[in-house]
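Enquirer: The following comprises the amino acid sequence and a computationally predicted model.
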Amino acid sequence: MVAKWRTDCGKENQEKLALRVDLNRILFKEFFIIMPHKSRPHCAIPRCPNYAVIGSAYCVEHRRERSRRDPSYRKLYNRKWEKISKLYLLKNPLCAECQRNGRLTPATETHHVKPLSAGGTHAESNLMGLCKSCHSKLHGGITGGDSS
């Protein structure tokens, strides 16, 4: 019906409609051309002054470091690990490092005392609950999202 109305409305109205459509296109284009671009965020590694690569949370240097990780870790950090980690955090809700320093901070991540790459296991005796900042300190600022 709309298309039929446009053809039946007369030449004068068609010209007004075409002008209005052209004006909207121009305004729409100018609006997006004038708007400034979003600045790139800094690298997600603490104290790294570089900007992140587009589509990544890390700069070129740290992105390379993170890609060097052995792909077999995905076999070790699966749903079973997530379940073990959550259960451990329920049993041990406070950060072990903060407790040693006399602070009470909730543990948010589970850490392997002996890394899996060095022959460690998911056994409770090899795990410790840590807050995010303590976990980052133990890993030298580079921690994975898998709560290792």
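Expert: Yep, that arrived.
Enquirer: For this protein, which helix or strand comes out least confident on mean pLDDT?
Expert: Among the helices and strands of the chain, helix 2-8 carries the lowest confidence by mean pLDDT, DSSP states H and E, at a mean of 49.
Enquirer: was I right about Cys131 contacting His111?
Expert: No. Here Cys131 does not reach His111: they are 10.4 Å apart, not a contact under C-beta atoms under 8 Å. For every residue, glycine as well, the C-beta is placed using N, CA and C.
Enquirer: where does the chain have low pLDDT?
Expert: For the chain, the stretches flagged by pLDDT under 70 are 1-14, 16-37, 67-74, 141-148.
Enquirer: quick one, strands of it?
Expert: Taking DSSP state E, the strands of the chain run over residues 109-112, 127-130.
Enquirer: export these to TSV and tack on mean neighbour count?
Expert: TSV is the format used below for these (neighbours: other C-beta atoms under 10 Å):
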stretch	mean neighbour count
strand 109-112	22
strand 127-130	24
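Enquirer: Nearest to Pro93, out of those?
Expert: Among the strands of the chain, the nearest to Pro93 by C-beta to C-beta is strand 127-130 (7.1 Å).
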